[in-house]
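**Q** Sequence isn't available, so here's the structure alone:
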């Protein structure tokens, strides 16, 4: 935690009339209300959990003097940042603390974006959770947005570019065979190995994002798998406040072949839980998270390289999505619009691949377009 300037004198505000315990409760309740609103608008539960943790972390980064707190100092709360006279100062303290800790640009942007969205929400909806008689401005003073575009870290174009990979059909098939003949046979937990094998095959064959892949439900009334028509339903990214964008993608013969035995023999062995409808579960029966899947994937790639496959050491799950789209386009060069629709993107203008992305959603869409047009930054591994 970083402290404000010790020489800085305490500034009396309207909030000083409210006990610290009550301030903290109001602050936490407002965060919880915001998180519930995000879920209502279609954000994933996993994503909102991360966002809540990010907000709690960022507010605790700075301590300020406050006589209402038993220790005489406390961490920031949201109306501190929205105070018309002091808000900008507190924002500058947060940005300085992020710089002093030498965090990666992407991490700094993540924290500041989460903070900006939350502050915008509070200004737009200044109600006090649990009370219909008094609002936040009436209790804590005027609220004014103090975060601007200048408080967000470097432009996307200035961020270090991550390498993109697409596995050529030959190397992709060799990777699949390694999983089937070496990984599955030698893993000490066949249940976990079968899950990982199925997840990797699925992502490479249907071109799903990791969040879409791990959001697939295979049981119950909300099952996303339509075996009769050989297709699967994915919930992709939507536009602002629109919720998830639904699309159906066909199951390839290999994906169908792998899915059937996994559902029949392995998935029933996972412990039962409220998440049991999901296709991919953790060892405790809870839905597999993106972080857990990413770590598993990195370990598998490392084992494949040690086995002798010429995979890049920094291959990521999203590269399986690129592998799918790049190989589809190479087979049918004139069907790029169809491939974009398969990936879950709307049809962009012909200039879209050459524009500088300004946010993560646009950056991913343009990145996939660049992959489709065989961007010079994408490295195709292996021979056809």
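**A** The structure has been received and is ready for your questions. Keep in mind it's a predicted model, so treat the numbers as computed, not measured. Numbers count the residues shown, from 1 in each chain.
**Q** Where does the closest residue to residue 45 other than its chain neighbours sit: helix, strand or coil?
**A** Leaving out its chain neighbours, the residue that sits closest to residue 45 by C-beta to C-beta, 6 or more residues apart in numbering is residue 39, at 6.4 Å. The C-beta positions use only the backbone N, C-alpha and C, and glycine is treated the same way. With DSSP: H, G, I helix; E, B strand; the rest coil as the basis, residue 39 sits in helix.
**Q** How many neighbouring residues does residue 39 have?
**A** 13 (other C-beta atoms under 10 Å).
**Q** One more: residue 228?
**A** As a burial measure, residue 228 scores 6 neighbours (other C-beta under 10 Å).
**Q** helix, strand or coil for it?
**A** The three-state label given to residue 228 by three-state DSSP is coil.
**Q** Residue 316: what's it in contact with?
**A** When contacts are counted by C-beta atoms under 8 Å, 6 or more residues apart in numbering, residue 316 is found next to 162, 165, 294, 297.
**Q** From what I see, the second one and residue 313 are in contact.
**A** Right, the one you point to is residue 165. No. The criterion here is C-beta atoms under 8 Å, and residue 165 misses it with residue 313 at 10.5 Å.
**Q** Of those two, which one has the most company?
**A** residue 165 (22 against 8).
**Q** which one of the contacts of residue 316 is nearest residue 91?
**A** Comparing these against residue 91 with C-beta to C-beta places residue 162 closest, at 28.7 Å.
**Q** per-residue confidence for that closest one?
**A** At residue 162 the predicted local confidence, pLDDT, stands at 71.
**Q** burial measure for it, as a count.
**A** The number of residues near residue 162, taken as other C-beta under 10 Å, comes to 13.
**Q** who does the residue nearest to residue 212 when sequence neighbours are not counted bridge with?
**A** Nearest residue to residue 212, sequence neighbours excluded (C-beta to C-beta, 6+ apart): residue 234, at 4.4 Å. Note on residue 234: beta-bridge partners by DSSP bridges are residue 247.
**Q** swap in residue 164?
**A** residue 378.
**Q** Surely it and residue 320 touch.
**A** No. Using C-beta under 8 Å, residue 164 makes no contact with residue 320, being 11.8 Å away.
**Q** Could you list the low-pLDDT ranges of the protein?
**A** 1-16, 152-161, 238-243, 346-384 (pLDDT under 70).
**Q** Centroid-nearest residue for it?
**A** residue 47 (5.8 Å; C-alpha atoms, centre = their mean).
**Q** measure it to residue 66 for me?
**A** Per C-beta to C-beta, to the nearest Å, residue 47 is found 32 Å from residue 66.
**Q** since we're on the residue nearest to residue 212, how many residues are nearby?
**A** By the criterion of other C-beta under 10 Å, residue 234 has 24 neighbours.
**Q** residue contacts, it?
**A** Residue 234 neighbours (C-beta under 8 Å, 6+ apart): 206, 208, 212, 215-216, 224, 246-249, 344.
**Q** Among those, name the ones in strands.
**A** 246-249 (DSSP state E).
**Q** any idea how far residue 199 lies from residue 283?
**A** According to C-beta to C-beta, residue 199 and residue 283 sit 14 Å apart.
**Q** ok, back up a step: wait, isn't the residue nearest to residue 45 in contact with residue 48?
**A** Yes. The criterion here is C-beta under 8 Å, and residue 39 meets it with residue 48 at 5.6 Å.
**Q** Tell me which residues of stretch 83-96 come out buried.
**A** Residues 83, 87-91, 93-95 are the ones in stretch 83-96 that count as buried (16 or more other C-beta atoms under 10 Å).
**Q** let me redo that: stretch 237-257
**A** 237-238, 244, 247, 249, 251-252, 255.
**Q** Tell me which of the residues you listed fall in helices.
**A** residue 255 (DSSP state H).
**Q** follow-up on the earlier one: compare residue 199 and residue 283 (neighbour count), which wins?
**A** Comparing residue 199 with residue 283 by neighbour count (other C-beta under 10 Å), the higher total belongs to residue 199, at 25 against 13.
**Q** Mind telling me what element that one is part of?
**A** In the assignment (DSSP states H and E), residue 199 maps to helix 190-206.
**Q** between that helix and strand 245-250, what angle do the directions make?
**A** 100 degrees (axes from the mean of the first three to the mean of the last three C-alpha atoms, to 10 degrees).
**Q** follow-up on the earlier one: make JSON lines from the ones in strands among the contacts of residue 234 and add distance to residue 100 to it.
**A** As requested, the ones in strands among the contacts of residue 234 are exported to JSON lines (distance: C-beta to C-beta, whole Å):
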{"residue": "246", "distance to residue 100": "44"}
{"residue": "247", "distance to residue 100": "44"}
{"residue": "248", "distance to residue 100": "49"}
{"residue": "249", "distance to residue 100": "46"}
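**Q** Point me to the helix or strand that includes residue 43.
**A** Residue 43 belongs to no helix or strand, assigned by DSSP H and E.
**Q** Brilliant, that's me finished.
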